[in-house]
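Engineer: quick one, what's the 3D model for this:
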Amino acid sequence: MNVRRSAAALAASAVLCVGVAPAALADTAPPASPSAPPVIPSGLYGKDDPMYDGVWRQSFALLAQDTVGIKPAAQAVHWLAGQQCANGSFPAFRADTAKDCDATAYIDSNATAAAVQALTALGGHDESVKKAVGWLKSVQNEDGGWSSNPGGAMDSGTDANSTALVISALTAAGEKPAEIKSKAGKTPYEALLSFQLGCAAEPAGDRGAFAFQPVDGKLLANGDATAAAVLAGLGTGSAVVPSGTDTPAAAPTCPAAGTVDPAAAAQGAAGYLAEALKKDGHLTAVTPGADQPTPDTGNTVDAVIALAAAGHKQSAAGALEWLKANSAEWSKGKPAALGTLILAAHATGTDPKSFGGTDLVAALNATGPAPQGADTDATPVKEESSDNQNLWWIIGAGGAAGVGIGILLSGRRKKNQL
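Structural biologist: Okay, the predicted model is just below:
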């Protein structure tokens, strides 16, 4: 649920989520040229170019604020709701919101899933959520899962990250993923669990992990996919309710052949994450051009959230302390990164206003429009019409779906966090 992911910087290791979105605010502007600074809509959090992660970062900013009891600015919620296409989907970012999304638009299942979680948590957006859920169901693959760009130019087939994100979004919206079947009769969980490394995994320490997608026919452990799969298997999203239990994560066991047990699979994945964090207190990744693995802060945040959701806060304690000491520069000015850190703090019962000397809540609030306060006129946020929605382009940024832990960004969460 972390996201990870500047997306452009990781184009070589993951498929980027790009797109354009609907009419939200009058001041939204076309994408800036490479030589000009990006034009940031006034309702959007963050100052970086939103081309690849506008909806993603906005969703996590709003979700984090809501989780800690802050009422987001009305214009910020309007901006997110207004990005929705007429068919219910959300792109990564739609610059020209005066026109409808057309058939060539880069539609993003990951951005849609994130927006569903945020709008559901905020309340008052039932129609938008219903339309988004309807669209997600309509683009389910025959194997039961989802790709990041369903039916688009960058559709590389079902991947674990997108499938897990959609499962979490559907659950948040009140749906029962186990009962949602594809035309071939497959459920989302059947697709997701097909990416889990079993007892024949090599090295053996990768047992229980999830792969993003097969690489040359092999499943390679991926931290991002694994953390997302834990949340999906447990039936929760990124806003994890602190668990009343706290036990060490157990080593993964071997499921019986042909069984589909999402909760057991999630606990197996949690066991993998717990072991992976023991060595350095954080996950690592090999970035393009680097000779040695480097700390993977984004996926470490996701792993902490996943372990907390699975009831293993003590297994996440070392990584949480590492994040307190090492995440400030990584998250500076980045709404999605700050938002996921707040969610990690919330999931582990940690004060987000005193996180390694940083007030994460104040830092997040400073990246966008001021949230509504006791003395603020809290005008109700109305549903945006889908009549003015979606023109866009395709920014076909691509990349190969990652190798090993290499997919730092799968069109999903890491988008604005690295």
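Engineer: moving C-terminal of the worst-scoring helix or strand of the chain on mean pLDDT, what's the next helix or strand?
Structural biologist: Lowest mean confidence among the helices and strands of the chain (mean pLDDT, DSSP states H and E): strand 284-285, at a mean of 91. On the C-terminal side of strand 284-285, the nearest following helix or strand under DSSP states H and E is strand 294-295.
Engineer: the helix or strand following that following strand - contacts with which helices or strands?
Structural biologist: Per DSSP H and E, the first helix or strand lying C-terminal to strand 294-295 is helix 297-309. When contacts are defined as 3 or more CB pairs under 8 Å, 6 or more residues apart in numbering; DSSP states H and E, helix 297-309 packs onto helix 223-234, helix 262-278, helix 313-326, helix 328-331, helix 335-347. In short, each C-beta sits where N, CA and C put it, glycine included.
Engineer: mind redoing it with 7 Å?
Structural biologist: Packed against helix 297-309, as judged by 3 or more CB pairs under 7 Å, 6 or more residues apart in numbering; DSSP states H and E, are the following elements: helix 223-234, helix 262-278, helix 313-326, helix 335-347.
Engineer: and of these, who's closest to Asp102?
Structural biologist: Checking the helices and strands packed on helix 297-309 against Asp102 by CB to CB gives helix 335-347 as the closest, at 27.2 Å.
Engineer: what angle do that closest one and helix 313-326 make?
Structural biologist: 140 degrees (axes from the mean of the first three to the mean of the last three CA atoms, to 10 degrees).
Engineer: so what touches helix 335-347?
Structural biologist: 1-3, 45-46, 53, 56-57, 60-61, 63-64, 67-68, 238-240, 242, 301, 304-305, 308-309, 323, 327, 330-331, 351-352, 355, 360-361, 363-364, 367-368, 415-417 (CB atoms under 7 Å, 6 or more residues apart in numbering).
Engineer: of the residues you listed, just the buried ones, PyMOL syntax please.
Structural biologist: A single PyMOL command selects the buried members of the contacts of helix 335-347 (16 or more other CB atoms under 10 Å):
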select buried, resi 1+2+3+45+46+53+56+57+60+61+63+64+67+68+238+239+240+301+304+305+308+309+323+327+330+331+352+355+360+361+363+364+367+368+415+416+417
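Engineer: which of the contacts of helix 335-347 fall within helices?
Structural biologist: Those of these mapping onto helices are 56-57, 60-61, 63-64, 67, 301, 304-305, 308-309, 323, 330-331, 360-361, 363-364, per DSSP state H.
Engineer: what's the nearest residue to Val230 if we skip its chain neighbours?
Structural biologist: Spatial nearest neighbour of Val230, chain neighbours left out: Ala306 (3.8 Å); criterion: CB to CB, 6 or more residues apart in numbering.
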